[in-house]
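Enquirer: Let me see the structure of the following:
(2 chains)
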Amino acid sequence: MSDSPHRGTLKIFLGYAAGVGKTYQMLDEAHKMKDEGVDVLLGYFEPHGRKDTIAKAEGLEVIPRRKIEYRGALFGETDVEAILRRNPQVCVIDEFAHTNIPGSQHGKRWQDVRVLLDAGINVLTTMNVQHLESLNDQVWQFTGIRVRETIPDWVVKQADEVVMVDLPPQALLNRLMRGVVYTPEKAQQAMENFFKESTLVALRELAIRQTAHEVDLRQSVQDETQSAETGGEELGSTVSPRARSPECILILITEDPSSAALIRRGKRVADYLQAECLAVCILPDGSLQNIAAAQREAVEKHMKFARNLQLEPSVLQGDDVAQTLVEFARSHKVTQIFIARPQQKKWPLALGHGLVERVVRLAHDIQVTIVAERRR
Amino acid sequence: MSTNRRPDPEQLLRQLQAEEQYFRRGRLKIFLGYAGGVGKSFRMLDEARRRRERGEDVVVGAIQPKASPEVDALLQRMLVIPQGNVGGVPTMDVEAILRRHPQVCLVDGLAYDNPPGSAHPKRWQDVEHLLSAGISVIATVNLQHIEERREQVERITHKHVTETVPESFLRNADEIEIVDAPPDFCLQRGSNPSFVNGPGSTALAPQQLSELREIALLLAADVVDYQLEAYLVRHGIHQLWGTCERILVCVSPYADAAKMIASGRRNADRFHGELFVAYIDRPDMTPEERSVLERNLDRARSVDARIEALDGEDPADAFMQFARSHGVTQIFLGNRMNQSWWDRIFGRPLDHLIRAAENIDVRVFPA
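Expert: The predicted structure follows:
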């Protein structure tokens, strides 16, 4: 999945909670590589005071963190420049989803990692399934926690390998109680919140399914490469079950807060179906200039969010949102329109007169998916 | 999304019985791998080492004949119960383990046919015996030995496997842990004694290993899903949250639903989810309506959907109720339900349903 022949490969150790052993397993692999004569070093390592993990890091070369002062305190972040100068074959960078302190070169650690990959350095990293952007609503639904540090799905998709680091929830809870993961006070607090058994079981299932999906994705990429290599003659004659689907999804972005969940959901479905994905925002003037500041801010926020997921929204002019949306869909051969389900209080009293209902009526030849506001 | 129902006495009794049995029995933990060489034995023995360091009484009941140097090193430090002998064939000595009665017994390789004359024909039944005697067991198994997945795996590997373990045994384990590794890792290690380098066989290609890996992960997800449900029942929690996509296709006696059902199947497959097809069973359908409905249901059967007949005065209500009680995440329905008795009585049911579908996505299909 590399853009150029010199690009480094990225391997992600995927878990579902702190303490399942991601870092440990990653360091274990680093040691094995070192034993085989590979030039490997620790670019960033987060021991969290865990004895086993600290012991596992011994014997590996470490690049000291870059000190950054922020509001009078010193923080240590990945020293990308130092790693580039040292130019190892493999670099270990813990906690892929980490947000760098202001003043760092990049806002996110995954951006640091991309720089290393571009320089041809192979990277091993760790993350939890709840850090995946498209799962944000689902995770909130069964944990009650809005995960703030997220990674766009396309970044993970570009990884060459995703490996699941598994541990049954009961074993994780035992570790927690033995004080392996956190200090006793913090463990108690954790068990009352995130580390409830039912939550952990659900997160774990999510992680397993995600890994299966990542394996599946990489197979289809392989298939595509193979069929490209064998020449195009059988293309079209044999329909591979993994062939890119002819579906095209269109997402309607508005100022309503439900837009974020809609974008995530639409993009996730498009990724799963390997469909094309478009997004539009429809305004009376066809421009963001002449709308109220609050509305503009909200729309801009949602458009920025879409771009973050590699989705470029178009701003369309139209007084009748339903009609403009359906016309755009028709002219762009869209197979599925995604719109948000308005909150209960925002439905018009008369059946059939809301935006959703009008779109459904007008788009009699296109599928329309009304995405639910996920509630707890 | 949770509803607090008052537990009925029957249910409480079942819960109590389940708990009692749960505490008497030994615990079963299974390491599941998708092929030989992913490191199941190592992980099992490593856990055994840690448990011994914590003071648990652990013995080895059965080991694989060929082991990697790392596994051998760990085995050196373990107490191994010597194999017994039935009709000249060496096999796990269940009686000796029962007499020794350790806290934890390791069984490397669950799928094994015991020689004729043994107490049980299958090793997993021996394990069952140990568990009911209160001995906890940690075991390993490979995907290709799971009875229900055997055909699927054989289509990929073209190798026939005779020794199997039922999937229900896996589901009822207390813990299952996936030993995951990218395919190149297995190939590199090349220590795949039973599988890749089986007698007279050639090694599996990365593509094949990758397909096996996906199947193993999905199997594990199913088992975990099953365990989540069991957990919720055990704790009297009535909560539905889907990490698994469940699609409900609503079919009517008024329109051909072929496209909708086909799309439902495709989506369910893509998301590795479940597919339901439901309809309202009305006694007063005309023969024409009946035949349209039957055609739709045939279609649903042919794609292996779960078919449900619902009754209810209000179709939108009936579909919604079914969707809620079955943890449905997406409802598919047709855009042409409006030329029927439905509309005349209730107004456009589509509109009702969209409004009622909190927490569920609704996908409307063109007529």
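
Enquirer: how far away is the residue of the stretch 201-350 of chain B found nearest chain A from residue B:180?
Expert: Residue nearest to chain A within the stretch 201-350 of chain B: residue B:217 (3.8 Å; C-beta to the nearest C-beta). Every C-beta, even on glycine, is put in place using the N, C-alpha and C of the backbone. Residue B:217 sits 7 Å away from residue B:180, going by C-beta to C-beta, to the nearest Å.

Enquirer: quick one on the thing from earlier: my read is that the residue of the stretch 201-350 of chain B closest to chain A contacts residue A:211, right?
Expert: Yes. At 5.4 Å, residue B:217 counts as touching residue A:211 under the criterion of C-beta atoms under 8 Å.

Enquirer: Walk me through the domains of chain B.
Expert: B:21-234, B:246-365 (automatic domain parsing).

Enquirer: Adding mean neighbour count, distance to residue A:112 and mean pLDDT, write the ones you listed out as JSON lines.
Expert: Listed next are these as JSON lines, based on neighbours: other C-beta atoms under 10 Å in any protein chain shown; distance: least, C-beta to C-beta, whole Å; pLDDT from 0 to 100:
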{"stretch": "domain B:21-234", "mean neighbour count": "18", "distance to residue A:112": "23", "mean pLDDT": "85"}
{"stretch": "domain B:246-365", "mean neighbour count": "18", "distance to residue A:112": "33", "mean pLDDT": "85"}
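
Enquirer: So which of those is nearest residue A:141?
Expert: Of all the domains of chain B, it is domain B:246-365 that lies closest to residue A:141, at 8.4 Å by C-beta to C-beta.

Enquirer: and the residue nearest to residue A:373 when sequence neighbours are not counted, what is it in contact with?
Expert: Excluding its sequence neighbours, the residue lying closest to residue A:373 (C-beta to C-beta, 6 or more residues apart in numbering or on different chains) is residue A:258, at 5.5 Å. By C-beta atoms under 8 Å, 6 or more residues apart in numbering or on different chains, the contact list for residue A:258 reads A:340, A:341, A:342, A:343, A:371, A:373.

Enquirer: As a check, name the ranges of all strands in the stretch 151-300 of chain A.
Expert: Per DSSP state E, counting those that start in this stretch, the stretch 151-300 of chain A carries strands over the ranges A:161-164, A:248-253, A:276-283.

Enquirer: I meant chain B, not that one.
Expert: Using DSSP state E, the strands of chain B run over residues B:28-33, B:58-62, B:79-80, B:84-86, B:89-91, B:104-107, B:136-142, B:175-178, B:246-250, B:274-280, B:306-310, B:330-334, B:361-365.

Enquirer: looking at those, which is closest to residue A:184?
Expert: Among the strands of chain B, the nearest to residue A:184 by C-beta to C-beta is strand B:175-178 (24.3 Å).

Enquirer: which helices and strands sit right next to the closest one?
Expert: If contacts are counted by 3 or more C-beta pairs under 8 Å, 6 or more residues apart in numbering or on different chains; DSSP states H and E, strand B:175-178 sits against helix A:169-177, strand B:28-33, helix B:206-234.

Enquirer: what would the ones you listed look like in a markdown table with distance to residue B:257?
Expert: Output for these, formatted as a markdown table (distance: least, C-beta to C-beta, whole Å):
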| stretch | distance to residue B:257 |
| --- | --- |
| helix A:169-177 | 40 |
| strand B:28-33 | 38 |
| helix B:206-234 | 27 |
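
Enquirer: and residue A:118, which of the strands of chain B is closest to it?
Expert: strand B:175-178 (32.5 Å).

Enquirer: Pull out the C-alpha coordinates of the closest one and format them as PDB.
Expert: What follows is strand B:175-178, C-alpha atoms only, in PDB (Å, rounded to 0.1, in the frame of the first residue of the first chain):
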ATOM      1  CA  GLU B 175     -12.300 -17.100  28.000                       C
ATOM      2  CA  ILE B 176     -11.100 -17.200  24.400                       C
ATOM      3  CA  GLU B 177      -8.000 -15.400  23.400                       C
ATOM      4  CA  ILE B 178      -7.100 -14.800  19.800                       C
END
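
Enquirer: chain center to that strand, what's the gap?
Expert: Strand B:175-178 sits 12 Å away from the centroid of its parent chain (C-alpha atoms, centre = their mean, to the nearest Å).

Enquirer: Indicate each strand paired with that strand and its parallel or antiparallel sense.
Expert: strand B:28-33 (parallel) (DSSP bridges).

Enquirer: List the buried residues of stretch A:80-94.
Expert: A:80, A:83, A:88, A:90, A:91, A:92, A:93, A:94 (16 or more other C-beta atoms under 10 Å in any protein chain shown).

Enquirer: Distance check, the fourth one against residue A:100.
Expert: Yep, that's residue A:90 we're talking about. Residue A:90 is 22 Å from residue A:100, by C-beta to C-beta.

Enquirer: The first one now?
Expert: Shown here: residue A:80 relative to residue A:100, a distance of 10 Å by C-beta to C-beta.

Enquirer: One more: the fifth one?
Expert: Going from residue A:91 to residue A:100 by C-beta to C-beta gives 16 Å.

Enquirer: And for residue B:311?
Expert: Per C-beta to C-beta, residue B:311 is found 59 Å from residue A:100.

Enquirer: Just give the number of residues close to the nearest residue to residue A:114 once chain neighbours are set aside.
Expert: Nearest residue to residue A:114, sequence neighbours excluded (C-beta to C-beta, 6+ apart): residue A:155, at 7.8 Å. By other C-beta atoms under 10 Å in any protein chain shown, 23 other residues sit near residue A:155.

Enquirer: and what of residue A:372?
Expert: Each residue near residue A:372 was counted by other C-beta under 10 Å, and the total is 23.

Enquirer: I'd say it and residue A:341 touch.
Expert: Yes. When contacts are counted by C-beta under 8 Å, residue A:372 is listed as touching residue A:341 (5.2 Å).

Enquirer: Need the overlap of contacts for the two.
Expert: With contacts defined as C-beta under 8 Å, 6+ apart, the residues shared by residue A:372 and residue A:341 are B:357, B:358, B:362.

Enquirer: pretty sure residue B:29 contacts residue B:141?
Expert: No. Counting by C-beta under 8 Å, residue B:29 sits too far from residue B:141 to count as a contact (11.3 Å).
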